Every structure is written in structure tokens, then in C-alpha cells.
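*Asks:* Predicted model and sequence follow; I will ask about them next.
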Amino acid sequence: MLDEKYYALKEIPLFKLSSFNRLYAYLNEPKILKKLNKYQFLQKIITSFHDYDNLYLVINYYPGGNLYNYRNIKMSEEQIKFISACIIQSLTYLRKEKIISRDVKMQNIIMDSKKYLNLIDFSFAINYSDRTNKKKYIFVSPLESSPEARNYKIYDYSSDYYGLGEIIYYLIFKTYINSVKKKNNVSEILLDFNNIKNYSKSCIDFVNKLIIDDYRKRNGFNSVNELKNHSWFNNFDWKNFENKKIKSPLWFMRKKKSKCSKLLTKRKKRKKKFKYYIRLIKKYDYINKNIINKIFKSYKNMF
């Protein structure tokens, strides 16, 4: 289950959250993660525990950093396609478990040791089992969110697919769709492939079918396989890709090392809490002691 050498500890301050809805969303995250633990391309949770002030999630650590760190690097169509395939595979598993992320953005796409990208942070994810059970957004990220989210309208699985379209759009043009819409005072944008160099017609068509304002007309509304079966992915080996057997073209993505001064400051802060975390996890969480020792041994190695 654990692909990485180290583990990360996510600390959620329970009494500093701004609203009941946000508090509920964070408390729901461990349940969502547990449901998704059997899949690749998604964040893994090892365990969770709490004290009176915080909820702690022990999750697997990804060494490559998030996609946002590489957003301004010029990428080839092949590299963007690989990134898109990683996100599509993540969304395939989410839809299989009837879950909507509601927060698909570059900051939440993170690289593992095999140079594959994984979707993380399910603080705002929600179970969505029936389209007749109409829901509206409680959270909006202005630059990356879908039109239905910004306008507080009914949403669907395809709201996550708009996030994918937004990411591809940024990687090509180095700007957000919503910024362009605001600047030009328009409600919808469609790309003309005749005016775009270095990218194929099928690539631009794929983006256009994701950034449509009406979520019911978006590619993937009926099934996530509509994304996989698009002409842009003709001859793409999804079977080997799902098992991470294809060599990643994202060799250029390398996480920058922190400066010594900042790193030492972080280490001092971690050391103060280290013994406290051990006491907490043993007190509040009934799991195998060997797992506890393994987690904190690897966590301690990061100091």
C-alpha cells in the first residue's frame, strides 16, 4: 500500500476553522481517504488521531512537489497529455467510488518518486451517489473553479473535469481561463486550433470540450470513459499506465531543496512536537504498534 519511503503529517486546527461547513468538510476527509486507499494516483492515508485542538492525518509523503511549482515551465504536448492522463485516472477512481473532489487544481496535483502525478487534499470532497440529489458548492477557488461553482449553481462530476481543462489551459497559455474571461468581459471561451501552434487539433478539441460553461455538455458528463476515448488519447496504453509501467516524460520536474536556514528552523519546530505526536498516536489511535514505529522512524529521519 505504501509506495514512498517517508510519511507526512497533516495538522488540522479544529477550532480555528471559519465555519461549521468547513469544519465538517475537514472531519470528513479521513473517511474519504480511507475509501480511496486501495487506488493508485490518489493520496494514501495511514492513520488519523486527534487531541482537543487538532486533527492529525498521517499520509504518504510525495517527494516531487506539486504541479503548481512547475506551472511556468514550457511543456510539450506529450508531457501535458501525460499530466492529463494522471488526473483523468485519479478522477476515474473518484467517480467509481461516487466522490467529487471539488478542488481539482495544480496545488493539489503532486508528484511521486516514479514521476507520476497524484491527486491529493480531499478536504472539500463529497459523496455524490445520485444526480437527482441536487447539491450546490460551499467552497470556491476563484481562479480554478468551474462556472457553476462560482455562481453557486448545481454541480456534477463534470465540475472536476472543468478543473482538468483549466489546468491544461494554463500549461499551454500560462494564464487562467477565468482571468481571461474577466479581462475580456466574456462568459465563455472556446479555442481556435487554427491560431494555436505546437499543439494538435485533437489536443485543443479536448480542452474545448472541458471548459464549456454548461456542465451537462462537458466531455465526461455521461461517463469518465468519454475522456479516455477522446481522439487525443488514441493509441494511449491505459492498461500499463494504470499500473505505472510507462516511463514518465516528466523527467524535468525536480523539487528544489530548501535553504539551510529555513530547513533548520523547520527541524527545530518538528523536534519539539515529535514526542508529543508519539504520545498522541498511541493514546488516540488503536493500530498496530509496528506501523507506529515505522511511521515515526521514517518521520524522524526527515529531521
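*Replies:* That came through fine.
*Asks:* The helix or strand hosting residue 202 - what's its average pLDDT?
*Replies:* If you go by DSSP states H and E, residue 202 is part of helix 201-208. For helix 201-208, the mean per-residue pLDDT is 96.
*Asks:* For that helix, name the packing helices and strands.
*Replies:* helix 77-96, helix 158-173 (3 or more C-beta pairs under 8 Å, 6 or more residues apart in numbering; DSSP states H and E). Yep, even glycine has a C-beta here, placed from its N, CA and C like the rest.
*Asks:* Need phi/psi at residue 8.
*Replies:* Residue 8 adopts backbone torsions of phi -120, psi 160, taken as degrees, to the nearest 10.
*Asks:* what's near enough to touch it?
*Replies:* 58-61 (C-beta atoms under 8 Å, 6 or more residues apart in numbering).
*Asks:* Helices of the protein, residue ranges please.
*Replies:* Using DSSP state H, the helices found in the chain span residues 20-36, 77-96, 147-150, 158-173, 177-184, 201-208, 225-228, 238-242, 260-284, 289-300.
*Asks:* what's the angle between the second one and helix 158-173?
*Replies:* Going back to what we said before, that points to helix 77-96. 170 degrees (axes from the mean of the first three to the mean of the last three C-alpha atoms, to 10 degrees).
*Asks:* can you pull the buried residues of helix 77-96?
*Replies:* By neighbour count on 16 or more other C-beta atoms under 10 Å, the buried set for helix 77-96 is 79-95.
*Asks:* The fourth one too?
*Replies:* For helix 158-173, burial by neighbour count (16+ other C-beta under 10 Å) applies to 158-172.
*Asks:* Residue 116 contacts residue 247, doesn't it?
*Replies:* No. Residue 116 sits out of contact with residue 247 when judged by C-beta atoms under 8 Å, with a separation of 10.4 Å.
*Asks:* Which one's more surrounded, those two?
*Replies:* Neighbours around residue 116 and residue 247, counted as other C-beta atoms under 10 Å, are more numerous at residue 116. The numbers are 23 against 10.
*Asks:* Next one: that one from residue 207, what distance?
*Replies:* The gap separating residue 116 from residue 207 is 22 Å, by C-beta to C-beta, to the nearest Å.
*Asks:* Check the gap between the closest residue to residue 253 other than its chain neighbours and residue 244 for me.
*Replies:* In this structure, residue 253 finds its nearest non-sequential neighbour in residue 70, 5.3 Å apart by C-beta to C-beta, 6 or more residues apart in numbering. Applying C-beta to C-beta, the value for residue 70 to residue 244 is 19 Å.
*Asks:* got it, and residue 148?
*Replies:* On the measure of C-beta to C-beta, residue 148 and residue 244 end up 33 Å apart.
*Asks:* Looking at those two, which has the bigger crowd around it?
*Replies:* Between residue 148 and residue 244, counting by other C-beta under 10 Å, residue 148 is the more crowded of the two (20 against 17).
*Asks:* how many other residues sit next to the closest residue to that one other than its chain neighbours?
*Replies:* Using C-beta to C-beta, 6+ apart and skipping the chain neighbours, the partner closest in space to residue 148 is residue 155 (4.8 Å). By other C-beta under 10 Å, the residues close to residue 155 number 23.
*Asks:* Model confidence for residue 155, exactly?
*Replies:* 83.
*Asks:* Residue 221: neighbouring residues, count only.
*Replies:* Counted with other C-beta under 10 Å, residues neighbouring residue 221 total 18.
*Asks:* Without its sequence neighbours, what residue ends up closest to it?
*Replies:* residue 158 is the one closest to residue 221 (C-beta to C-beta, 6+ apart), at 4.7 Å.
*Asks:* That neighbour: what's it in contact with?
*Replies:* Residue 158 neighbours (C-beta under 8 Å, 6+ apart): 215-216, 218, 220-221.
*Asks:* go again using 10 Å as the cut-off
*Replies:* Shown in contact with residue 158 (C-beta atoms under 10 Å, 6 or more residues apart in numbering): 91, 95, 100, 146, 148, 164-165, 210, 212, 214-222, 224, 226-227.
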